[in-house]
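# just the structure for this:
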Amino acid sequence: MLDVFTNIRLLDLLDISIVAFIIYRIILLIKGTRAVQMLLGLAIILAVYVASRVGDLHTLNWFLSNFLSSIILVIVVIFQNDIRRALIHVGRNPFLGGSSSREDSEIIDELVKACVALGNRKIGALIAVERETGINDLLESGTTINARVANELIRAIFMPPSPLHDGALVLQQGRLTSAGCFLPLTQGDNLTKEYGTRHRAAIGLTELADAIAIVVSEETGKISVAVNGGMTRNLDATSLKKVLGRLLEPRLKKKKKKKG
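Alright, predicted model coming up:
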């Protein structure tokens, strides 16, 4: 056993660390997307294949052997959209990246300004802010914009003449990545009748992921924030900024520790 450890070179440790880091980043990229369920399905098929070999189930083993012999092609076909998104993400933000604490604070300020302005004019809005769980699947139903977070742009997107005003605006990695996205509606039946489609979509999203959803009511102009399937209502500029700061605080602290 000691001989094994003494034969390990520094380059071997570096090699293992790089592979582990790449696998970790890939897991973060697919976390919260349908790719996780697909990988689980492939893992089950692989387990059945192993069981068929151990149990001498020749027909099943033959069938799965032929299927798994083309597994690389199968993975490329099944995960083509996820692979494309991952490559775009790596090209735009090579594995590391992320916004600074100052940028996060500026983003919160822009969101608050936009939501308050929309609320004063009773213009409905729905903004989804990604945190740890990926919500890339939502982008397939929307229009890619990939723009800096600016309150003027947010207000323009939700103005009724805009073709994107009915859907959700998605914020990822400090950028407005997509607009006009359709979010899954909550299936809960114990919600107040005051909740419209935007509120139900906001709750539905936060039931499936740890994202934050900001809603501006078209009927009342009131601002609400959904997280973890719950809704905080009737927020003004000060309370909205406080809520968003608290919800994003863990990520800000992580960045400060890394800098320290």
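# count the residues that sit near Ile27.
12 (other CB atoms under 10 Å). (C-beta placed from N, C-alpha, C; glycine too.)
# helix, strand or coil: sort out it for me.
helix (DSSP: H, G, I helix; E, B strand; the rest coil).
# what's the spacing between it and Ala209?
15 Å (CB to CB, to the nearest Å).
# what do you get for Glu132?
Taken as CB to CB, the span from Glu132 to Ala209 is 9 Å.
# would you map out the domains in the chain?
Domains of the chain are assigned by automatic domain parsing as 2-92, 101-259.
# looking at the ones you listed, which one is packed in the most?
Among those, ranked by average contacts under mean count of other CB atoms under 10 Å, first place goes to domain 101-259 (a mean of 17).
# can you give me the offset of it from its chain's centre?
For domain 101-259, the separation from the chain centroid amounts to 13 Å (computed by CA atoms, centre = their mean, to the nearest Å).
# hmm, back to that, output the domains of the chain in JSON lines, with mean pLDDT appended to each entry.
Shown next, in JSON lines, are the domains of the chain (pLDDT from 0 to 100):
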{"stretch": "domain 2-92", "mean pLDDT": "74"}
{"stretch": "domain 101-259", "mean pLDDT": "85"}
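# what ranges does the stretch 151-260 of the chain have for its helices?
151-158, 197-208, 237-259 (DSSP state H, counting those that start in this stretch).
# could these go into CSV alongside distance to Val54?
Output for the helices of the stretch 151-260 of the chain, formatted as CSV (distance: least, CB to CB, whole Å):
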stretch, distance to Val54
helix 151-158, 57
helix 197-208, 37
helix 237-259, 45
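# show me the one of these that comes nearest Phe67.
Nearest to Phe67 among those is helix 197-208 (30.5 Å), distances taken as CB to CB.
# for that closest one, packing partners?
Applying 3 or more CB pairs under 8 Å, 6 or more residues apart in numbering; DSSP states H and E, we find helix 197-208 packed against strand 125-129, strand 212-216, strand 223-227, strand 230-235.
# reformat the ones you listed as TSV; add distance to Val170.
Putting these into TSV (distance: least, CB to CB, whole Å) gives the following:
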stretch	distance to Val170
strand 125-129	5
strand 212-216	10
strand 223-227	14
strand 230-235	19
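# which one, of the ones you listed, ends up nearest to Met38?
By CB to CB (comparing all of these), the closest turns out to be strand 125-129, at 22.8 Å.
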